[in-house]
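>>> next input, structure requested:
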Amino acid sequence: MATRPRDVARWAVVLGTVGVALAYGAAFAPPRVARGGEILMALSTPTLLVGVLGLGALDARAMRGRPRRVLPWAFVALVLWLALGFALAVASGAPRATDARIAGLPWAAALVLYGLGAVPAVLLPLLYAWAHTTTDGSEDGAGAS
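I've put the predicted structure just below:
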């Protein structure tokens, strides 16, 4: 049986929530385990957030035609992008005065601001608009094209 994209989004929300809860629990563990909790939080947060976004974008009306094939993969790519960015930022440690700077920011801060803030801020509205171009909110499901 084929897996529906909304089911995948629901599982992303469940797994992200469990990961965040475990990461919070790791904060009370010894330092070695707590460091693993930081990475778990960096991976679970984008999974949870993109899963919630997917619940809104991957509805039946939006999953007709062209978006049906591409939209779920765009959300998977977004989870991977955000998880990689958060993990790199967490793993980079505290910035030093000798670190490379991007637009005056240490590279980890620039990564978070530009890569994890600006890219999704541009990409997500475009994905939602593209997914819902064939829907107009009518009850009969025959959206305007």
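>>> how much space between residue 30 and residue 19?
19 Å (C-beta to C-beta, to the nearest Å). For the C-beta atoms, the positions are set from N, CA and C on the backbone; glycine is no exception.
>>> more neighbours: those two, which one.
residue 19 (19 against 8; other C-beta atoms under 10 Å).
>>> quickly find the element holding the more buried one.
Here residue 19, judged by DSSP states H and E, is contained in helix 5-26.
>>> that helix: what's the following helix or strand?
Remark: after helix 5-26, the chain's next helix or strand is helix 31-57, criterion DSSP H and E.
>>> could I get the buried residue list for the helix or strand that that following helix is followed by?
With elements assigned by DSSP H and E, the helix or strand that comes after helix 31-57 is helix 66-92. Within helix 66-92, the residues that count as buried by 16 or more other C-beta atoms under 10 Å are 67, 71-72, 74-75, 78-79, 81-90.
>>> which elements pack onto helix 66-92?
helix 5-26, helix 31-57, helix 107-110, helix 119-131 (3 or more C-beta pairs under 8 Å, 6 or more residues apart in numbering; DSSP states H and E).
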